[in-house]
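K.L.:
got a structure for you, letters missing:
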């Protein structure tokens, strides 16, 4: 009986893997991270049908501009920064105590 139960638990993942190529790319990812405006338009058209996309594309353009203004933070700079050192150490200690005590759900 256990091989059947084990096989049934894998069925949704196989189904998702087979259906993944049918899912459209995220328009925000295509426009903001990749810089492909025309592909973002196609993806919006596929998701929402025929409509005026200028408002959505304008919002994505503003979001991209705001994201470019923000400073990029690396993991190394996060560790070295004294501003985040206490929060980082508390989060790390909580994570380690949960792992070692066995109450990690």
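P.N.:
Thanks, I have it. Here the structure is a predicted model, which is why all the values come from computation and not from measurement.

K.L.:
okay, now the closest residue to residue 39 other than its chain neighbours: neighbour count?
P.N.:
Spatial nearest neighbour of residue 39, excluding adjacent residues (C-beta to C-beta, 6 or more residues apart in numbering): residue 30 at 4.8 Å. Glycine gets a C-beta too; all of them are placed from N, C-alpha and C. Neighbour count of residue 30, defined by other C-beta atoms under 10 Å: 21.

K.L.:
can you pull the pLDDT of residue 30?
P.N.:
pLDDT recorded at residue 30 is 92.

K.L.:
And what about it, helix, strand or coil?
P.N.:
Following DSSP: H, G, I helix; E, B strand; the rest coil, we place residue 30 in the helix state.

K.L.:
what about the residue nearest the centre of the chain, distance to residue 57?
P.N.:
Centroid-nearest residue in the chain, with C-alpha atoms, centre = their mean: residue 29, separated by 9.4 Å. Relative to residue 57, residue 29 is positioned 14 Å away (C-beta to C-beta, to the nearest Å).

K.L.:
can you check residue 28 too?
P.N.:
10 Å.

K.L.:
Now do the shared contacts for the two.
P.N.:
residue 40 (C-beta atoms under 8 Å, 6 or more residues apart in numbering).

K.L.:
which residues does residue 26 contact?
P.N.:
By C-beta under 8 Å, 6+ apart, the neighbours of residue 26 are residue 43.

K.L.:
tell me the secondary structure for residue 64?
P.N.:
Under three-state DSSP, residue 64 comes out as helix.

K.L.:
Can you verify my assumption that it contacts residue 34?
P.N.:
No: assessed by C-beta atoms under 8 Å, residue 64 is found out of contact with residue 34, at 10.8 Å.
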